[in-house]
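> return atomic coordinates for the entry below.
(chains A, B, C and D)
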Number of protein chains: 2
Amino acid sequence: MKLSTRSRYGTRMMLDLAQHYDEGPVQIGNVSKRENISVKYLEQLIIPLKKANFIKSIRGPKGGHMLAKPPEEITVGEIVRVLEGGINLSNCIENPEVCNRTTRCLTRGVWEEATKAMYDKLNSVTLSKMINDDSSS
Amino acid sequence: MKLSTRSRYGTRMMLDLAQHYDEGPVQIGNVSKRENISVKYLEQLIIPLKKANFIKSIRGPKGGHMLAKPPEEITVGEIVRVLEGGINLSNCIENPEVCNRTTRCLTRGVWEEATKAMYDKLNSVTLSKMINDDSSS
DNA sequence: TCTAATCTATAGCATTTGGCTATAGTATAA
DNA sequence: TTATACTATAGCCAAATGCTATAGATTAGA
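Predicted structure coming up:
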């Protein structure tokens, strides 16, 4: 019942980009140093985030990555949804055949509701909110 | 980001026991047949549930297992907490050294809040509620 | 035009975790 | 005393995770 490092590292990267928003493109190597995450791993996380239109990239020398929209318009929930494999606590929703007759549906609803509660919370937090709420910066 | 089968199977077993509450001890073999879960796997799940005082067992022939308290006093959240390994989306709470300086604490709070939101929901659902809410029974 | 600095894509692998099975018991009602 | 239950621990296979490596494509600037 852990979030994958994809989500957690990806969120940290997005937060790093948010902190350097308006400073032009940020090189992935710099994010790597600051966040202590391998360049190659970050590169993998960038791909889906670009496809989801959260990051835009500029190629060539002096290129780099930056948020595709302002930090107040990106929520943690969106980032997690993009990076995490599935978004449900159980997969009996997509695959009803894993249920047996006796307690079918009895447990399903709870897992759905709990998943929703979690994402509702994550959706309520934007990158700018995270930065502003930080008391140590 | 899936719940383990321990939690899901364990919840189904508890639900099964709840449905046969007041019928005397339930043999693990019967739960196994009804829920289509291996006896040996169920036996493993019973141990922690007994330690947490959610199940009591009677040995010998005609023995079996039963809920240690009424279904309305047991919540899904309690069951999941007992059966799931960790209860947090991230383990940077217990192990602060996995955090790096730059974004320390910035992300931690979100994971904590989302975890709490999920458990708040699970804690609000009792076994009896699940049975009564079922429209197909 | 060339090239260094960057981003892109895919494959692969080592470790961990999850999910389950097997073995060897212990306890007890009939 | 024995069949029917429950208890405890070890081990194994498969899948997922977390990361690394290799090869290549793009492009601003000299």
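
> where along chain A do the helices fall?
Along chain A, counting by DSSP state H, helices occupy A:5-19, A:28-35, A:39-51, A:76-83, A:108-123, A:127-133.

> can the longest one be found next to DNA strand C?
No - contact between helix A:108-123 and DNA strand C, assessed by CB under 7 Å from any atom of the strand, is absent, since the two come no nearer than 12.9 Å. The way it works is simple: take the backbone N, C-alpha and C, and place the C-beta from them, glycine included.

> most centrally placed residue in chain A?
Nearest to the geometric centre of chain A sits A:Ile79, at 2.3 Å (CA atoms, centre = their mean).

> dump the residue contacts of that one.
A:7, A:10-11, A:14, A:49, A:54 (CB atoms under 8 Å, 6 or more residues apart in numbering or on different chains).

> what's the answer for A:His65, then?
A:His65 neighbours (CB under 8 Å, 6+ apart): A:17, A:25-28, A:31, A:46, A:55-58.

> circling back to that earlier point, and B:Pro70, which of the helices of chain A is closest to it?
Proximity to B:Pro70 (CB to CB) singles out helix A:108-123 among the helices of chain A, at 18.7 Å.

> quick one: is that closest one near DNA strand D?
No - judged by CB under 7 Å from any atom of the strand, helix A:108-123 makes no contact with DNA strand D; its nearest approach is 14.9 Å.

> on that earlier part again, what's the spacing between the residue nearest to the centre of chain A and A:Pro25?
As judged by CB to CB, to the nearest Å, A:Ile79 and A:Pro25 stand 19 Å apart.

> what's the answer for A:Ile58, then?
Taken as CB to CB, the span from A:Ile58 to A:Pro25 is 5 Å.

> any common contacting residues for those two?
Common neighbours of A:Ile58 and A:Pro25 (CB under 8 Å, 6+ apart) are A:64-66.

> would you list those in JSON lines and tack on pLDDT?
Rendered in JSON lines, the data for the shared contacts of A:Ile58 and A:Pro25 read as follows (pLDDT from 0 to 100):
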{"residue": "A:Gly64", "pLDDT": "91"}
{"residue": "A:His65", "pLDDT": "94"}
{"residue": "A:Met66", "pLDDT": "94"}
